[in-house]
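Engineer: sequence plus predicted model, see below.
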Amino acid sequence: MTQQQDYTDVCIIGGGMVGAATALGLAKLGLSITLIENRRQEHYDPEQALDVRVSAISMASVSLLQSLGAMEAILAMRHIAYSGLETWEMEGAATCFHASQVGLDKLGYILENRVIQLGLWQQMAQYPNLHVYCPAAVTSYHQQAQGVSVVLENGTHLQARLLIGCDGANSQVRQWAGIGVSGWDYRQSAMLINIATADDLPAVTWQQFTPDGPRSLLPLPDKHASLVWYDKPQRIGQLMQLNNVALMAEIKRHFPNRLATEFIIEAKGSFPLTRRHASRYYQDNVVILGDAAHTINPLAGQGVNLGFKDVAALIDVIATAKQAGQDWASNATLACYQSQRYRDNLLMMTTMDAFYAGFSNRILPLKLLRNAALKLADNSGPIKDWVLKYALGLH
């Protein structure tokens, strides 16, 4: 007996921030969308502790979320706008960016990843052409003459014109499609520490470079902040084992003096730093976005912003193909998406690697040179403004 198949224009694997945004954007084009996600998020509760996974989303990402109708729901939950960004190694040699440089009142928002995802999911409910399987898992993929067949664990068979992988750095879709990746481990880990502070903090995110890795702070709502501690995996492993009193003492010893406010530790987590870049972003009737296509050193917090740029580009090329009466799922359309995003992602990844390598040594002449470069960058006028606009996705 032949298994009956459900037909859909697009099947998206992964309902995180990038996958949910993709589903919304393509549903708005009138396509039938099926989203597969293996884990359902808890409903928002303002009494819940802040998630340790937070993102500083740029104004370009804000524009995308507004166009998808999700920003209002996101801002109705927890958020904080930030207006400044500062980075330095030696005191007196900092590069400082402010929204007013480019005529804005903010650089973007710092948001919990789950809040962004929940806001997108709330909006997805408005589209009858968007069907969600959650929780659900895929057991197999099969190439078909006019698309891809997807078999779910519950026995459901889906036939899609286009399969989209938004399923993270270890993408099952990418592996099934035979798309190769290059990259390396940075031999560092990042520890995320949520703190509650006694005083209100300025709406500025900052980062001090050290030879062992940066020490960063992102302000969070209601007298909270996220500290990010980069170091060798063994060191981060040791820090994760400390109780909160001992960890607080280590933070006060190793973070810059501007973290002078009294605080208590509320949550912590850690993850290894890796770089991965897919050799290509598409195959016949298959395309990958976000972490499935690229993972980046998180120095400047550009990971989710690059993913949202992928989403905007894919929506744009598919909309253009549909309007022109062309095959929106063809390799020609997907190649347009890749041409818009591959070089831009590679440039940002390479830039972050250069910063990482440049500040990861103790050689005194190089230390003086890089601090002079930071000071020079702070006084570079139009160049500094261009860098800020590029980071915000305004170029």
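Structural biologist: Received, thanks.

Engineer: read off the pLDDT value for residue 42.
Structural biologist: Per-residue pLDDT puts residue 42 at 86.

Engineer: what's the neighbour count on it?
Structural biologist: The local packing of residue 42 (other Cβ atoms under 10 Å) involves 8 other residues. C-beta here means a position set from N, CA and C on the backbone, and glycine is covered the same way.

Engineer: beta partners for residue 162?
Structural biologist: Beta-bridge pairing of residue 162, defined through DSSP bridges, involves residue 10.

Engineer: who are the contact partners of it?
Structural biologist: Each residue near residue 162 by Cβ atoms under 8 Å, 6 or more residues apart in numbering is listed here: 9, 10, 11, 147, 148, 285, 286, 287, 328, 329.

Engineer: alpha carbons of stretch 131-146, as CSV, please.
Structural biologist: These are the backbone C-alpha positions of stretch 131-146, laid out as CSV (Å, rounded to 0.1, in the frame of the first residue of the first chain):
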residue,chain,number,x,y,z
HIS,A,131,1.2,24.4,9.3
VAL,A,132,3.5,23.5,12.3
TYR,A,133,4.5,20.0,13.5
CYS,A,134,5.8,20.4,17.0
PRO,A,135,7.2,18.5,18.7
ALA,A,136,8.3,16.4,15.7
ALA,A,137,11.4,14.8,14.3
VAL,A,138,12.5,13.8,10.8
THR,A,139,13.5,10.2,10.1
SER,A,140,14.5,10.5,6.5
TYR,A,141,14.7,12.7,3.4
HIS,A,142,14.3,11.6,-0.2
GLN,A,143,15.1,13.5,-3.4
GLN,A,144,12.1,13.5,-5.8
ALA,A,145,11.7,14.6,-9.4
GLN,A,146,10.0,17.9,-8.4
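
Engineer: what about it, average pLDDT?
Structural biologist: Mean pLDDT, computed over stretch 131-146, is 94.

Engineer: buried residues, it. List them.
Structural biologist: Of all the residues in stretch 131-146, those buried under the rule 16 or more other Cβ atoms under 10 Å are 131, 132, 133, 136, 138, 141.

Engineer: contacting residues around that stretch?
Structural biologist: So stretch 131-146 is contacted by 8, 13, 15, 32-40, 124, 148-154, 156, 159, 161, 163, 172-173, 176, 284-285 (Cβ under 8 Å, 6+ apart).

Engineer: from residue 289, how far out is the nearest residue to residue 153 once chain neighbours are set aside?
Structural biologist: Nearest residue to residue 153, sequence neighbours excluded (Cβ to Cβ, 6 or more residues apart in numbering): residue 137, at 4.5 Å. Noted for residue 137: a distance of 20 Å to residue 289, by Cβ to Cβ, to the nearest Å.

Engineer: residue 265 now?
Structural biologist: To residue 289, residue 265 is 35 Å away according to Cβ to Cβ.

Engineer: between the two, which has more neighbouring residues?
Structural biologist: Between residue 265 and residue 289, counted using other Cβ under 10 Å, residue 289 has the larger neighbour count: 30 against 17.
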